[in-house]
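Participant: The sequence and its predicted three-dimensional model are supplied below.
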Amino acid sequence: MALFLMVALPGVGALLVLAVSRFGLAQVRRVAITNVLITFALSLVVVASYDPSAVDRTSGRPQLTQMETHIAWLGSVDKDGHFSGPGPDIQFALGVDGISLWLIALSALLMIPAVLVSWEAVQDRAASFYALMLLLESGLIGVFAAQDIILFYIFFEFTLIPLFFMVGIWGGHERRYAARRFFIYTLAGSVLTFLGLLAIVLSYSWMAPGQAVTFSIPTLTEGISQQVQTNPDAARYWAAVSPWIFLALFAGFAIKVPLFPFHTWLPLAHVEAPTAGSVLLAGVLLKIGSYGFLRFALPLVPAACWGHFHIVSVLAVIGIVYGALLALAQDDIKKLVAYSSVSHMGFCLLGLFALNGPGITGGLLQMVNHGLSTGALFAMVGMLYERYHTRDIEAYGGLARKFPILAFCLGIVAFSSIGLPGLNGFPGEVLSIMGMFASNKLYATIALTGIILGAWYTLWLVQRTFFGRLREPAVEGHGHDHPVVTDLNSREIAALAPILILIFWIGLYPEFFTSRMQPSIDKIVSKLARVRPAAVAVEQTSTVPVTGLNVGRNSPAVVANE
Amino acid sequence: MQTTFLLLLPQTVVALQAALFILGGTFPIPARRWGPLALVALLLGGAALHYSSGLDIAADATQTLAVVRTPLTVGFQWATLVIGALLVLLSMQSQSASKSAAEFYGMFLLMLAGLMLVAVAGDLILLFLALELISIPTYVLLYLGRNDYASQEASTKYFLLSVFSAAILLYGFAFLYGLAGTTQLEGIRLVLSQAYKSSVAGTPNASGSVLGVVALVLITAGLGFKMAAVPFHFYAPDVYQGTSAFNAGVLAILPKAAGLVALIRVGAETMVGFETTGQQLTLIVAAITMTGGNCLALLQTNVRRMLAYSGVAHAGYMLIGVAVGFWESWNPALRLEQTTGPLAFMGLPSGVHASLLYLLAYSLTSAGLFGVLVYLARPGKQVEHVDDLTGLAKTQPLVAIVAAVFLFSLAGIPPLPGFWAKLSVFTTALSVRQETADSLAAVHPAFVALAVIGVINAAIGAVYYLRLISAMFLNEPLSTARPAGGRAALVSVYCAAVLVVLLGLIPGPVFHYLQQPARAAAVSATPAVGVSPAVSSR
């Protein structure tokens, strides 16, 4: 129920915001922030009530997907919960498991800074802005919670619409071009993903002809792997078709992540978006891509994932290094952060495509970490921009003296972003690279240079802008009166505080987070391990088992739960 | 005989009223009265349809008649009346001061009667008459619109090409008659399936099949003109650009619907045994129609021209379903598993039913979108260029939002009708299976390629729809002149928007409706099962 409310509430909030728009900006903001805070509180309820060790009472099997809601949409469901025509069995099915849990929480959390940084920055047509943002929140939580393949796609595409308008109307100088390019680029990939998803549904209906056709993601995942194991015909068919399905899924998800060389839409969209747009785009939207890999590609076509292991890993490694080098060359703060996203998302995919327990855990953790740190960085860039109206690195210097609180926050986030032990970046990056090291030493080693480069561009940015001699851009002369430039006010601190808390929490006690992911990840890992090619198997067994950080302590990396 | 007339009652009522309108034009009745009268005429047509669809007629009785009645044909006629009413509302303001309002509505009602007749025609001659009943009033309608050179060029061009295509179509019908010896579609189907069965048994009916291929090609060409499919689309952009927004909307909807339904009737459902030719033909036409239409639409700056090409592209998506329909029409693989049709078990419309869903989604959305163009016309100046729409979100926020909904639907963004239509069309293409020894080695590469071309086209299409949206929402208005389309047009646009959103959020009933067989139920006693997958097999 809490989960369903999380999807529905922001949508209702969007209508409310529009309804109160005639009572002025203050009311609009109040409704928006209240809605966002309630949704966040609900996400805490979801996190608290998610029990990774829950067991289904009737079957005795572990129940990983919890808090499910099933509402028949096109057909009808009889009182036993069985679907009974007449339309296709597309349901409004929501649920949460260890993979989506933290991403849902992240989406709800990042909405708080997104609303708070827009407080003063968005004055023109503010009600529409907040309404779109709340719609976006509905869509984002829906994407992660969807348990129906068509519902997933609907939310997946739907998120484009609010963001298109947010970037296109409230963005920077090149906003129209950026918005269109972002929309078309992502759509072009996702329509192919759509074909891949349809192919999965149809394939399962052919493999198991007697059963009702299902669009349910858990049923498809379980059903297909079961059919492939037990039915030789199905196995042969799936072996022939799964590389194509993988490529179709890859097209959409790789663009969304974005993986090199599909990243070209990203810098433009991030730079031109309004601050809240950048926070959500970098913080949550990119995760939809990596989440898609984790939800569909890895469990459904594991053999094809091994088959494309080298391609994806090499692209991820190139993305890590190339993104970092590009970030190093930027003189616009926002562009720097945008390119650093390319690099950091490379780590996520590197972890996921290590195709083993530690790697996937690291990749998933890294998704959350990147959302937090990059979200915070974009928020802080926005705060600076609001004060000085420039993002030129050269224009700043020595700001630490003038903005001690901002400097403190930026320092923490910068260190988190480069993976300082004790902060959240460390467990994520280390696990990703350890995982990849077990699968392929060369890629992991090259990726390590990405960490060094990351430290270089991040610390260099901090050094150039916040240390040294005080250098401020002129605050006068751009056409409107300015309040005296001061350090962060309480609203801005409130925007950053939840992120900072989590940065320490994940850094100091990652097991709180990983333990809830673990059973769901183990399930995927067992599917991957079953089809692991012999060459990789030899290499993996020859390495020291990964025991660091207590990950996998509760359960062995590979469980025979099938 | 009497049953035939009873079944044709709705068409007759609408056509008779049209005749009254044309006669009434000579009396001094104020022009503004004719619009509401046309709505009343449609209402009466609806009453007649309600009556005739409620008649209890034995299923086998309709087989020998020249008309067919199935739930689908009834639904199609209802849709025609609803969309007709939306279009009448659109034209009210512009006709309220026109000297030829009575003739205008008379002609328009005739076209609607023609479209309703296409839906039920079960005979080649009746079908051809029905198609002409749409074409001939169109010439008048185009000519009544405006009197500048562009308009005259448009009507002349449409007239010449339409007559030419009608001749080709008739030529094709003649071959079909020569092949089967009857003009009745059900009869042709039976003759052809007998011939097909004997050829399977080892006595190939060679001369017959050559004649059939010629007939099929000619019919596809003639109807391809009506659907504006590449390479028969050349008239569309010039005509749409040269005429009024209302006429362009009529052209975008009625002839396309007629062409699609006629192609399904004569081609996919009747020409049994020519599924290979039919498949190849429609596959190729579908692929080049989608791609050509979308790519050319990218280059346009005139809104009606852009929408003309977009309409061309949508005809291509509809043809995907027809291609699958050919495959389903007589497919060995399918015959083996009669009990579970390819998609019926999924609850999604399959084959030609997916095309019909697409047609419905497209027609509703187009009626709304052309309605927006009609509404936004300024006194003496239509919406021509994309720039005429800039900043609409500031000057007319609600209209802009509604227009964006239509455009997103055409682009196939969920959860709008365009998305469900594309979902059905692509699923049905992916579900086509080859018959091979391996029961699972299934997918048909040509159809998969078609689906891939289709989705890539969906992304290309989004580019120009998005250009319109970004002109409306992301740019500052260039002019603040008030739109002169009138309140009735606005009502029509909002009604279309409500229907579009409802169809998007609750598509279930329509999906269910489209599960029903396209042909009369009694016919499936013959072994040629599979045209329409068994209903509710679960």
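Facilitator: Done, it's in.

Participant: Assumed A:Gly98 was part of a strand.
Facilitator: No. Assigned with DSSP: H, G, I helix; E, B strand; the rest coil, A:Gly98 falls outside any strand and is coil.

Participant: does it really touch A:Asp522, like I thought?
Facilitator: No. Between A:Gly98 and A:Asp522 there is no contact under CB atoms under 8 Å: 9.1 Å. Backbone N, C-alpha and C define where each C-beta goes, glycine included.

Participant: so B:Val13 sits right up against B:Gly45, yeah?
Facilitator: Yes. Between B:Val13 and B:Gly45 there is a contact under CB under 8 Å: 5.2 Å.

Participant: These two: who's more crowded?
Facilitator: Ranked by neighbour count (other CB atoms under 10 Å in any protein chain shown), B:Val13 and B:Gly45 place B:Gly45 first, with 28 against 23.

Participant: since we're on residue 182, how many residues are nearby?
Facilitator: Just so you know, I chose chain A. For A:Phe182, the neighbour count with other CB under 10 Å is 25.

Participant: I was after chain B.
Facilitator: By other CB under 10 Å, 16 other residues sit near B:Thr182.

Participant: pretty sure it is touching B:Leu176, no?
Facilitator: No. If you go by CB under 8 Å, B:Thr182 and B:Leu176 don't touch, sitting 9.6 Å apart.

Participant: so where's the stretch 101-250 of chain A uncertain?
Facilitator: A:210-212 (pLDDT under 70).

Participant: near chain B, which residues of it show up?
Facilitator: Contacts of the stretch 101-250 of chain A with chain B, taken as CB under 8 Å from any CB of the partner chain, map to A:150, A:153-154, A:157-158, A:160-161, A:164-165, A:168-169, A:175-176, A:179-180, A:183-184, A:187-188, A:191-192, A:194-195, A:198-199, A:201-202, A:205-207, A:209, A:212-213, A:233-234, A:236-237, A:240-241.

Participant: which of the residues you listed count as buried?
Facilitator: Listed as buried from those are A:150, A:153-154, A:157-158, A:160-161, A:164-165, A:168-169, A:175-176, A:179-180, A:183-184, A:187-188, A:191-192, A:194-195, A:198-199, A:201-202, A:205-207, A:212-213, A:234, A:237, A:241; burial here means 16 or more other CB atoms under 10 Å in any protein chain shown.

Participant: Keep only those of those residues that are in helices.
Facilitator: A:150, A:153-154, A:157-158, A:160-161, A:164-165, A:168-169, A:175-176, A:179-180, A:183-184, A:187-188, A:191-192, A:194-195, A:198-199, A:201-202, A:205-207, A:234, A:237, A:241 (DSSP state H).

Participant: rewinding a little: which neighbours do B:Val13 and B:Gly45 share?
Facilitator: The contact sets of B:Val13 and B:Gly45 do not overlap (CB atoms under 8 Å, 6 or more residues apart in numbering or on different chains).

Participant: who touches the residue of the stretch 301-450 of chain A found nearest chain B in this structure?
Facilitator: Chain B sits closest to A:Val301 of the stretch 301-450 of chain A, with a gap of 15.4 Å, by CB to the nearest CB. Each residue near A:Val301 by CB under 8 Å, 6+ apart is listed here: A:238, A:242-243, A:245-246, A:249.

Participant: Would you mind listing where chain A has pLDDT under the threshold?
Facilitator: Within chain A, the stretches with pLDDT under 70 are A:75-87, A:210-212, A:475-483, A:534-562.

Participant: Secondary structure element for the most centrally placed residue in it, which one?
Facilitator: A centroid search over chain A (CA atoms, centre = their mean) returns A:Lys287, at 2.1 Å, as the residue closest to the centre. Element membership for A:Lys287, per DSSP states H and E: helix A:286-292.

Participant: what about that helix, near chain B?
Facilitator: No. Helix A:286-292 is not in contact with chain B by CB under 8 Å from any CB; minimum separation 14.8 Å.

Participant: Residues contacting that helix, please?
Facilitator: A:99-100, A:103, A:106, A:140, A:143-144, A:156, A:159, A:193, A:249, A:252-259, A:266, A:341, A:345, A:348-349, A:352, A:363, A:367, A:370-371.

Participant: just checking, which of those residues belong to helices?
Facilitator: If you go by DSSP H, those have A:103, A:106, A:140, A:143-144, A:156, A:193, A:249, A:252-256, A:266, A:341, A:345, A:348-349, A:352, A:363, A:367, A:370-371 in helices.

Participant: count of neighbours near the closest residue to A:Ala455 other than its chain neighbours?
Facilitator: Nearest non-adjacent residue to A:Ala455, counting by CB to CB, 6 or more residues apart in numbering or on different chains: A:Ile418, 4.3 Å away. When neighbours are counted by other CB under 10 Å, A:Ile418 registers 22.
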